[in-house]
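Peer 1: model this:
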Amino acid sequence: MFSIARPSTAAISAFLARAQTMPLSYSPIGIARAQALTGFDVDETAAIIGHGDADFARATKALSSWKHMNLDWLHMYPAQPSIETGTIVAVLVRHFGIWSLNGCRVVYSVEETTGVYSSFGFAYGTLVDHAERGEEIFQVRLDRRTGDVVYTVRAASQPRALLAKVGGRTVRLLQERFRRESCDALRRALTSC
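Peer 2: This next block holds a predicted model:
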């Protein structure tokens, strides 16, 4: 949903209510894990955000609280949703003088511990009312060999709405900006957890 004015609280609530029964705009679930995918752009940004077990614990807490989405130009509804599979969220974005409201569903969690790595995260997929079609993984990982805590944002996407198709390169730049600023947001969140 695109608009020139910021959607009202009532409009966002109605949007979330409709989104509860909306299907995903893509299939199969898990496409963001693919190395390459016909018709989709697959992008990944990773950054070291901390070091050691304590920072990894803070990073998992921050990720669970959606702190990676604390950006000036992006707002989550509800404000602090669950990361449980099936949770519906609305992402309100202000870009280039317009607002877009996009629905997503948490589609799976990521949690693994080996002798070398511990990882934690989740993925959400776009609903049929989203400007894009695809899936995004948000994951923190502790490398026990180096102690580095790395945050990774990985997405498989393609434009769905006409404005997203027409804005091709501009949309890609906005996605790149999101991944970069999401890394910065999670890094900042470690100092407040």
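
Peer 1: the residue most central in space within the chain: which element?
Peer 2: Taking C-alpha atoms, centre = their mean, the centroid of the chain lies closest to E136, which sits 5.4 Å from it. Element membership for E136, per DSSP states H and E: strand 132-143.

Peer 1: neighbouring strands - and their directions - for that strand?
Peer 2: strand 117-126 (antiparallel), strand 148-159 (antiparallel) (DSSP bridges).

Peer 1: rebuild these as TSV, extending it with mean neighbour count, mean pLDDT and distance to I98.
Peer 2: No exception for glycine: its C-beta is placed from N, CA and C like everyone else's. Below are those laid out as TSV (neighbours: other C-beta atoms under 10 Å; pLDDT from 0 to 100; distance: least, C-beta to C-beta, whole Å):
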stretch	mean neighbour count	mean pLDDT	distance to I98
strand 117-126	22	97	18
strand 148-159	21	90	15
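
Peer 1: from V93, how far out is the residue nearest to A19 when sequence neighbours are not counted?
Peer 2: Among residues not flanking A19 along the chain, G103 sits closest, at 4.0 Å (C-beta to C-beta, 6 or more residues apart in numbering). Noted for G103: a distance of 12 Å to V93, by C-beta to C-beta, to the nearest Å.

Peer 1: what's the answer for E136, then?
Peer 2: 13 Å.

Peer 1: closest one to L174 among the strands paired with strand 132-143?
Peer 2: Closest approach to L174 among these is made by strand 148-159 (11.2 Å; C-beta to C-beta).

Peer 1: just to revisit the earlier point, between the strands paired with strand 132-143, which gets nearest to K67?
Peer 2: Closest among the strands paired with strand 132-143, using C-beta to C-beta: strand 148-159, at 10.5 Å.

Peer 1: would you put the C-alpha positions of that closest one in PDB?
Peer 2: Output of strand 148-159 as PDB, limited to C-alpha atoms (Å, rounded to 0.1, in the frame of the first residue of the first chain):
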ATOM      1  CA  ASP A 148      33.500 -12.500  16.300                       C
ATOM      2  CA  VAL A 149      29.700 -11.900  16.500                       C
ATOM      3  CA  VAL A 150      28.500 -11.400  13.000                       C
ATOM      4  CA  TYR A 151      25.100 -10.100  12.000                       C
ATOM      5  CA  THR A 152      23.900 -11.100   8.500                       C
ATOM      6  CA  VAL A 153      20.900  -9.900   6.500                       C
ATOM      7  CA  ARG A 154      20.200 -12.100   3.500                       C
ATOM      8  CA  ALA A 155      17.300 -11.600   1.100                       C
ATOM      9  CA  ALA A 156      15.800 -13.100  -2.100                       C
ATOM     10  CA  SER A 157      13.500 -10.500  -3.700                       C
ATOM     11  CA  GLN A 158      11.800  -9.300  -6.800                       C
ATOM     12  CA  PRO A 159       9.600  -6.300  -7.400                       C
END
